[in-house]
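Chemist: My questions concern the predicted model and sequence given below.
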Amino acid sequence: MRIKNTVFLSLAVLVLSSISSFAQESDIQVVDEVIAQVNESVITLSQVKKEMKTVIESMVQEGKSREEATAMTENKRGQIIASLITEELLVQKGKEIGVENRVNVSVNQQLLQMMKRFNLDSLDKLYEAMRSQGVDPEDFRDYRRRQVTKELVWRSQVDERLYWDITSKEIKSYYAANKKKFTKPATVTISEIFLSFAGRDKAEVKKKAAEIVARARKGESFENLAVENSDRPNVSETKGKAGTFNVPDIDPQFAEPIKNLKVGEVSDPIEMEVGMEIIRIDKRTKGTNESHFDERAVRSAILFEKGPDARKKYMKKLQDDAYIKVRKSYQALVMPFLNPDSENKTTASK
């Protein structure tokens, strides 16, 4: 990574309108401090503050006090800046490999799902509803574009390549050494109703979840209850159906409450950080101890083990090939997270 170690001159960007939601109360012109340069783009102080504000609001929704959330987020400032830099590198890579059309299709599909969920017949009405909740539609689209772009880059440049680069010899060797992983596990098919805490009184959401469970146990249609109440964006299509899962792979947070439920029974409300979950058991199948060879399953298991390191190496190469210049006053804060294996070393620009 080519990181400039000289004094970072007072590079600034003149912003002619309000920078973001945290500065909407002022219509004066603002000179925005540049924190880092990433190839031809920059990471600005307003971006960092905006990201920190989002993190704080998320923590508050999860139940933390605003003071606690603010203090915790401030301690993560360097990590947040490093994340913005790595995100920018991935977004730039996405543009380079031409994923824009796929990104736009994905974002548009999500917006259509939101329109259906809220029974809105136009994009303008959806945007109006967003604004009424304090959400800028363009900010939302940009956020989703960046998230989808990152995922497509990871998938196409790392995961898919690693998946198909695994040799037949590796597959056979891995299977032979890990046969217990490839027994046929017990499975469970479930439907679910998710109630989000976001923007709501937590106690009221819990009360509503308990009422829905009571109604379901009295015989009301779980599908109708899901469509009427679930906050999943595609619930009108799924009717609450969540799919089939291998029992050993289920998160303990959900596995424990449903382990003794029979087909047709409904769980007590399960509290998560972001909301309440209600689960109905639709089907169960028993597992066996007999190993079963499935090439796709073996490839996926190898990918699961090797994937994190492969992504880390790919990210390091992106950084090494990039021109990244961090403002000198921020280097000590950012570098341990941006390049943790380098012991905070910097090199002169090539």
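Modeler: Looks like it arrived, so ask away.
Chemist: Would you agree Ala198 is in contact with Gly275?
Modeler: Yes: under the criterion of Cβ atoms under 8 Å, Ala198 makes contact with Gly275 at 7.5 Å. Quick note: C-beta positions are derived from backbone N, CA and C, even for glycine.
Chemist: neighbour-wise, which of the two wins?
Modeler: Set side by side, Ala198 and Gly275 show more neighbours around Gly275, with 21 against 14, by other Cβ atoms under 10 Å.
Chemist: now that one, which residues is it bridged with?
Modeler: Beta bridges link Gly275 to Ser196 when assigned by DSSP bridges.
Chemist: Quick check, it in contact with Lys202.
Modeler: No: at 9.2 Å, Gly275 and Lys202 do not qualify as touching, with contact defined as Cβ under 8 Å.
Chemist: Now for Thr238: which residues touch it?
Modeler: 226, 232 (Cβ atoms under 8 Å, 6 or more residues apart in numbering).
Chemist: Equivalent analysis for Val60, please.
Modeler: 66, 69.
Chemist: Ala198 versus that one, what's the distance?
Modeler: Applying Cβ to Cβ, to the nearest Å, the value for Val60 to Ala198 is 10 Å.
Chemist: same thing with Val38?
Modeler: As for Val38, its distance to Ala198 is 31 Å (criterion: Cβ to Cβ).
Chemist: What about Lys328, how many residues nearby?
Modeler: By the measure other Cβ under 10 Å, the count of residues near Lys328 is 14.
Chemist: Oh, that last question was meant for Ile250, not what I typed.
Modeler: Here the count is done by other Cβ under 10 Å, and Ile250 has 16 residues near it.
Chemist: Same question for Ile258.
Modeler: Neighbours of Ile258 under the rule other Cβ under 10 Å: 20.
Chemist: Equivalent analysis for Glu74, please.
Modeler: 11.
Chemist: what sits against the residue lying closest to it once chain neighbours are set aside?
Modeler: Counting by Cβ to Cβ, 6 or more residues apart in numbering, the nearest residue to Glu74 once its immediate chain neighbours are dropped is Met52, at 7.6 Å. Taking Cβ under 8 Å, 6+ apart, we find Met52 in contact with 73-74, 77, 80.
Chemist: Secondary structure, distance to Val42 and pLDDT added to those residues, as CSV?
Modeler: Shown next, in CSV, are the contacts of Met52 (DSSP: H, G, I helix; E, B strand; the rest coil; distance: Cβ to Cβ, whole Å; pLDDT from 0 to 100):
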residue, secondary structure, distance to Val42, pLDDT
Thr73, helix, 22, 95
Glu74, helix, 22, 95
Arg77, helix, 17, 94
Ile80, helix, 16, 95
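Chemist: between those residues, which is closest to Val213?
Modeler: For the contacts of Met52, the closest approach to Val213 (Cβ to Cβ) belongs to Thr73, at 34.7 Å.
Chemist: Make sure the closest one is actually in contact with Ile56.
Modeler: Yes: shown here, Thr73 and Ile56 form a contact pair, counting by Cβ under 8 Å, at 5.1 Å.
Chemist: Do a quick rundown of the helices in the stretch 101-250 of the chain.
Modeler: Under the criterion DSSP state H, counting those that start in this stretch, the stretch 101-250 of the chain contains helices at 123-132, 137-154, 160-165, 168-177, 202-217, 222-229, 235-238.
Chemist: Give me the domain ranges for this structure.
Modeler: Per the record, the chain has its domains at 2-156+311-342, 185-285, by automatic domain parsing.
Chemist: Average pLDDT for stretch 334-350, rounded please.
Modeler: Stretch 334-350 carries an average pLDDT of 58.
Chemist: quick thing: my sequence starts at 760, can you match it?
Modeler: Sure, I'll start counting at 760 from here, so that last one is stretch 1093-1109.
Chemist: quick one on the thing from earlier: please work out which of the helices of the stretch 860-1009 of the chain is packed deepest.
Modeler: helix 981-988 (a mean of 18; mean count of other Cβ atoms under 10 Å).
Chemist: Counting by contacts, list what it packs against.
Modeler: strand 946-955, helix 961-976, helix 994-997 (3 or more Cβ pairs under 8 Å, 6 or more residues apart in numbering; DSSP states H and E).
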